[in-house]
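S.K.: Just the structure for this:
(one chain, ligands or ions: 1)
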Amino acid sequence: MRPTYFSAEQYLKQRRPIDPVRCFRSSAIERAVSWFQSHFSGQLIYAVKANMTPDVIQLIAQNGVRNFDVASLTEVDLIYHGVQGANLFYMNPVKSRAHIRSAYYDYGVRCFSIDHVDELEKILTVTEQAKDLTIFVRLHCDDSGSVLPLGKKYGAEGLQAIELLQLVRQKAERLGVTFHVGSQAMHAERYGEAIRYAGDLVRRAGVMAELLNVGGGFPIFYKEGDPADLSSYMLNIEQSLEALPMVQGGEVFAEPGRALVAEAESLIVRVDARRDNELFINDGGYGVLYDAANCDWVFPVRLIAHDTSGHDKKRSVTSELTGFQLWGPTCDAADHMKGPFFLPANVQEGDYLEIHKTGAYGGVMASGFNGFGCYEEIFLEDDVMASNFVPATESNNIIKFIS
Ligand SMILES: Cc1ncc(COP(=O)(O)O)c(C=O)c1O
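M.R.: Numbering: from 1, shown residues only. Okay, the predicted model is just below:
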């Protein structure tokens, strides 16, 4: 059981951790899940790839999510053993025959996604022409404006998609359609456009679908100028649903990863050196801060404990803020987070920072490169900085932390 503290400040009054610290917040998971439950009329599928920490999975399940998008047999196994009665959606469009076989026969998975006739053939052969399959056809869609587009890799389009829809209609018990508008999708309209495109293909194929899965991609507010209003995304989806021909009683799903777990974690790091306006910290792009290095994301950050072990015992932290670049602990020059991260101008070695909203794709991307990648893990009870799910106030305002 991980220890619980009220806040990172309180924790640092008792400890001076050597390794970076992953701080989990159960309240953030509860709030994100309940926001989706009350703003989205369909069912939620949690995309496990975003954060597969068992405690996070448990909290998501305890808050009422029964459906899980899994991309590998390891994720299948994690959810199968971790969440009783979970519905598994194996939504990676390309899977090995061995994994399909094990998913179907050992774990009872019946729901798969495909974007090519070869994958359908693979699933039918491995399952000996099973009659109880739910197959989602993954369609290509416009993912422009998303920070992490996925369309180059996956998605059937045009005539090929139409033929695939017809074939799946004949072979599978239930036909679904799905797409992914790209992760951290900055334009709400992409969802409506994708639903209309799917509707057009389904109509031209002369079939009806039982299921629509609008995928993930829902963005999180990381910095000023980011889209914050998830309600407009929901509205766009709801207003477009009629464009897709579905059987009576058809089901609609959304498959968020990032938006459900980004706020579930923050990260405590220590400053190990300062060179002008560059700080060397003890985690980075090969760790939880993968997106800060690889996508230039400026996570909200604040200084939470300042070092007073030097000659200036009375040292205080200035209210004047300066923009800093960050370097991670590995020897690779790519381990660089250009920011700027705004922090008190006199930040120095020995100070600790709390970097917020690191719960999506941070922990899962962290590697042991250069011998790093060890974390302490704690739970915190205070609120996350600049939440997507509460209106901005003086104490919860991202602008305040970056200006
Ligand atoms: C099939 C599928 N569903 C859902 C997701 C989750 O996307 P996001 O974290 O942007 O919500 C992904 C992310 O890559 C995905 O590939």
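S.K.: By proximity to the ligand, which residue of the chain wins?
M.R.: G216 (2.4 Å; Cβ to the nearest ligand atom). For glycine as for every other residue, the C-beta is placed from the backbone atoms N, C-alpha and C.
S.K.: Now do the helices in the stretch 101-250 of the chain.
M.R.: Using DSSP state H, counting those that start in this stretch, the helices of the stretch 101-250 of the chain run over 117-126, 158-171, 189-205, 230-240.
S.K.: Below-threshold pLDDT in this protein: ranges please.
M.R.: Residues of the chain that meet the criterion pLDDT under 70 lie in 224-225, 227-228, 311, 392-403.
S.K.: just the residues of it that are near the ligand, which are they?
M.R.: Proximity of the chain to the ligand, by Cβ under 6 Å from any ligand atom, involves residues 47, 49-50, 69, 91, 180, 183, 215-218, 255-259.
S.K.: Can you classify the closest residue to Q348 other than its chain neighbours as helix, strand or coil?
M.R.: The shortest distance from Q348 to any non-neighbouring residue, by Cβ to Cβ, 6 or more residues apart in numbering, is to R274 (5.6 Å). Following DSSP: H, G, I helix; E, B strand; the rest coil, the label given to R274 is strand.
S.K.: right, and K122 touches R97 too?
M.R.: Yes: between K122 and R97 there is a contact under Cβ atoms under 8 Å: 5.9 Å.
S.K.: hmm, back to that, point out the most buried one among the helices of the stretch 101-250 of the chain.
M.R.: The highest mean neighbour count among these, using mean count of other Cβ atoms under 10 Å, belongs to helix 189-205: a mean of 20.
S.K.: Residues touching that helix, excluding its own?
M.R.: Applying Cβ atoms under 8 Å, 6 or more residues apart in numbering, the external contacts of helix 189-205 come out as 139, 141-146, 161-163, 165-166, 169, 177, 179, 181-182, 185, 208-209, 212, 214, 217, 233, 236-237, 239-241, 243-245.
S.K.: which ones are touching the residue nearest in space to the middle of the chain?
M.R.: Residue closest to the mean C-alpha point of the chain, counted by Cα atoms, centre = their mean, is R258 at 2.1 Å. R258 makes contacts with A50, S183, Q184, G216, G217, F218, P219, I220, A360, Y361, as judged by Cβ under 8 Å, 6+ apart.
S.K.: where's it relative to V252, distance?
M.R.: Going from R258 to V252 by Cβ to Cβ, to the nearest Å gives 20 Å.
S.K.: now do D229
M.R.: 21 Å.
S.K.: who has more neighbours, these two?
M.R.: More crowded of D229 and V252, by other Cβ atoms under 10 Å: V252, with 18 against 12.
S.K.: Report the contact partners of that one.
M.R.: Listed by Cβ under 8 Å, 6+ apart, the contact set of V252 reads S41, G42, Q43, L211, L212, N213, V214, L241.
S.K.: among those residues, which ones are buried?
M.R.: G42, Q43, L211, L212, N213, V214, L241 (16 or more other Cβ atoms under 10 Å).
S.K.: these two touch, right, the fourth one and L175?
M.R.: Right, the one you point to is L212. No: counting by Cβ under 8 Å, L212 stays clear of L175, with 10.3 Å between them.
S.K.: Domains in this protein, by residue range?
M.R.: Domain assignment of the chain by automatic domain parsing yields the ranges 4-23+263-402, 26-261.
S.K.: bridging residues for P344?
M.R.: Using DSSP bridges, the bridge partners assigned to P344 are L321.
S.K.: residues touching it, list them.
M.R.: P344 touches L303, V317, T318, S319, E320, L321, T322, counting by Cβ under 8 Å, 6+ apart.
S.K.: The first one contacts G350, correct?
M.R.: In other words, L303. No: using Cβ under 8 Å, L303 makes no contact with G350, being 11.3 Å away.
S.K.: what sits against the residue nearest to V117 when sequence neighbours are not counted?
M.R.: In this structure, V117 finds its nearest non-sequential neighbour in L164, 6.1 Å apart by Cβ to Cβ, 6+ apart. Counting by Cβ under 8 Å, 6+ apart, L164 touches I114, D115, H116, V117, L120, V137, A156.
S.K.: Going by distance to D296, which of these wins?
M.R.: Checking the contacts of L164 against D296 by Cβ to Cβ gives D115 as the nearest, at 29.9 Å.
S.K.: Give the burial count for the closest one, as a bare number.
M.R.: There are 24 residues near D115, going by other Cβ under 10 Å.
S.K.: do you know how far it is from G350?
M.R.: 51 Å.
S.K.: Next, the buried residues of stretch 240-252.
M.R.: Neighbour-count burial for stretch 240-252, counted by 16+ other Cβ under 10 Å, picks out S240, L241, A243, L244, P245, M246, G250, V252.
S.K.: Residues in a beta bridge with the residue lying closest to E255 once chain neighbours are set aside, which ones?
M.R.: Among residues not flanking E255 along the chain, I45 sits closest, at 4.4 Å (Cβ to Cβ, 6+ apart). Here I45 sits in beta bridges with N67, as judged by DSSP bridges.
S.K.: same check, this time on V137
M.R.: I114, V177.
S.K.: wait, it sits on D115?
M.R.: Yes: using Cβ under 8 Å, V137 is in contact with D115, at 6.9 Å.
S.K.: Quick check: neighbours shared by the two?
M.R.: Contacts common to V137 and D115, judged by Cβ under 8 Å, 6+ apart, are A156, L164.
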